[in-house]
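Novice: quick check, what structure comes out for this input:
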Amino acid sequence: MMKRIGLLLPLDYKLLSVAALLEVLETANKLVVQQKHDAPFSIHLYQVIDQLESGDATFHGYSIQSVDGVEGILDLILIPAFTTSDMQATVAKNSTYIPWLQRQYQGGAEIASFCSGAFLFGASGLLNGKIATTHIDACPAFARIFPEVHLKPNETVTADSRTFTSGGSTSLFHLIILLVQKYCGHQIAIQVAKLFAIDMDRYQQSYFGTFRPNYTHNDALVSSVQEKIEKHFDKIESLDEVLHDVPASRRNLVRRFKLATGIPPIEYLQNIRIETAKKHLEQTQLSVSEIIDKSGYTDPKSFRKVFQKVVGMKPLEYREKFKVR
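Specialist: Residues are numbered from 1 along each chain as shown. Sure thing, here's the model as predicted:
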């Protein structure tokens with residue numbers, strides 16, 4: 001039975017995301033038709049009425065329809081990634097989609113978001129109490145805005161009670177392949193994966209992440225601690241060295257630091273060190289022992305354990321994947 005797919009075109013959508021979704025779905029349709037079966041997907045593009053009134057009502061051969069004109073409940077709704085870095089402003093601009101998403105889900109529709117599209121999905125409340133993921137670098141902001149969602153930063157794809165999410169850009173392919181497999185079967189999914197050269201065994205995205213310290217807060221005391229950690233990370237032996245001359249109690253400072261940056265000081269130090277190690281692995285011929293020393297670690301076993309936990313792979317595996325050749 002043909003499934004009705006609704007692909008949203010919200011404000012600030014990422015063209016690459018929309019194009020990739022259409023390409024994969026259209027390819028699945030063609031492959032199934034070649035096997036003398038009916039196309040599995042009926043693909044429709046939707047916007048809210050305000051967008052339709054102010055823009056072109058077509059998109060590469062597809063007519064764009066209003067969400068208010070949808071008859072009944074769709075089988076699957078797709079929320080693409082966004083281009084903007086100001087997710088809260090983008091979600092606010094697209095808030096008129098939220099009641100419609102809620103009605104569709106309550107009626108039985110499945111909903112999938114891709115990369116930063118998870119922010120609009122999260123704003124609907126439909127992910128509360130469920131597992132989800134988004135771009136690895138957007139996860140700290142997502143966690144702050146949607147604390148009731150069980151965020152899985154390292155996961156490439158999540159599925160929970162008719163809700164699906166994917167991580168950063170190319171993780172889109174892993175989720176849409178999963179959905180093709182769900183609706184069309186394993187063989188079609190494999191054919192699609194081969195045509196798009198998609199590795200079906202990538203389950204984590206943690207090694208694509210980059211730690212980006214937050215300096216946008218207005219806490220001068222926290223900023224001074226950040227500066228000290230970043231300047232002396234390779235010489236710090238204990239957190240007490242960083243905090244002993246700060247005019248605040250340790251408990252109060254740790255609370256303020258976490259509130260301002262999203263993580264406690266010890267984790268901040270750990271992330272700075274691991275980012276340093278990653279850069280050496282990518283850009284130099286230094287041995288792992290030399291990199292351990294330059295990153296501020298004295299115990300190789302501890303370094304390897306933390307690196308594996310943060311990055312999701314061993315140091316030499318990371319070098320093999322990302323070294324500049």
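Novice: what's the local residue count around residue 283?
Specialist: 11 (other Cβ atoms under 10 Å). Placement of C-beta: from N, CA and C, glycine included.
Novice: so it versus residue 131, what's the distance?
Specialist: 35 Å (Cβ to Cβ, to the nearest Å).
Novice: the stretch 1-150 of the chain: strands as residue ranges?
Specialist: For the stretch 1-150 of the chain, the strands defined by DSSP state E, counting those that start in this stretch occupy 3-8, 41-47, 58-59, 62-66, 76-79, 110-113, 131-132, 150-151.
Novice: closest to residue 192 out of these?
Specialist: strand 41-47 (11.9 Å; Cβ to Cβ).
Novice: and the closest one, what does it pack onto?
Specialist: Counting contacts by 3 or more Cβ pairs under 8 Å, 6 or more residues apart in numbering; DSSP states H and E, strand 41-47 is packed against strand 3-8, helix 15-34, strand 62-66.
Novice: residues touching the lowest-mean-pLDDT helix or strand in the chain, excluding its own?
Specialist: Lowest mean confidence among the helices and strands of the chain (mean pLDDT, DSSP states H and E): helix 239-243, at a mean of 82. With contacts defined as Cβ atoms under 8 Å, 6 or more residues apart in numbering, helix 239-243 is touched by 225, 228, 229, 232, 236, 250, 253, 265, 266, 269.
Novice: do that again at 6 Å, thanks
Specialist: With Cβ atoms under 6 Å, 6 or more residues apart in numbering as the test, helix 239-243 has contacts from 228, 250, 265, 266.
Novice: repeat that for stretch 251-267.
Specialist: Outside stretch 251-267, the residues that touch it by Cβ under 6 Å, 6+ apart are 140, 214, 217, 219, 222, 239, 246.
Novice: circling back: please name whichever of the contacts of helix 239-243 scores lowest on pLDDT.
Specialist: Minimum pLDDT for the contacts of helix 239-243 is recorded at residue 250 (84).
Novice: any idea how far residue 128 is from that one?
Specialist: Taking Cβ to Cβ, one finds residue 250 at 34 Å from residue 128.
Novice: before we move on, what about residue 104?
Specialist: Here the criterion is Cβ to Cβ. By it, residue 104 lies 17 Å from residue 128.
Novice: so for these two, which residue has more residues nearby?
Specialist: More crowded of residue 104 and residue 128, by other Cβ under 10 Å: residue 104, with 23 against 13.
Novice: quick one: contacts for residue 96?
Specialist: Neighbour list for residue 96: residue 48 [criterion: Cβ under 6 Å, 6+ apart].
Novice: if the closest residue to residue 143 other than its chain neighbours is in a bridge, with which residues?
Specialist: Take residue 143 and drop its neighbours on the chain: the residue closest to it by Cβ to Cβ, 6 or more residues apart in numbering is residue 151, 5.1 Å away. For residue 151, the beta-bridge partners under DSSP bridges are residue 132.
Novice: then the helix or strand where residue 279 lies to PDB, C-alphas only?
Specialist: Assigned by DSSP states H and E, residue 279 falls within helix 265-283. Extracted in PDB, the C-alpha atoms of helix 265-283 (Å, rounded to 0.1, in the frame of the first residue of the first chain):
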ATOM      1  CA  PRO A 265      35.200  22.700  34.800                       C
ATOM      2  CA  ILE A 266      36.700  19.200  34.900                       C
ATOM      3  CA  GLU A 267      34.800  18.200  31.800                       C
ATOM      4  CA  TYR A 268      35.800  21.500  30.100                       C
ATOM      5  CA  LEU A 269      39.500  20.700  30.800                       C
ATOM      6  CA  GLN A 270      39.000  17.200  29.500                       C
ATOM      7  CA  ASN A 271      37.400  18.500  26.200                       C
ATOM      8  CA  ILE A 272      40.200  21.000  25.600                       C
ATOM      9  CA  ARG A 273      42.800  18.300  26.000                       C
ATOM     10  CA  ILE A 274      41.000  15.900  23.700                       C
ATOM     11  CA  GLU A 275      40.600  18.500  21.000                       C
ATOM     12  CA  THR A 276      44.300  19.200  21.200                       C
ATOM     13  CA  ALA A 277      45.000  15.500  20.800                       C
ATOM     14  CA  LYS A 278      42.700  15.200  17.900                       C
ATOM     15  CA  LYS A 279      44.400  18.100  16.100                       C
ATOM     16  CA  HIS A 280      47.800  16.500  16.600                       C
ATOM     17  CA  LEU A 281      46.400  13.100  15.300                       C
ATOM     18  CA  GLU A 282      45.000  14.900  12.200                       C
ATOM     19  CA  GLN A 283      47.900  17.200  11.400                       C
END
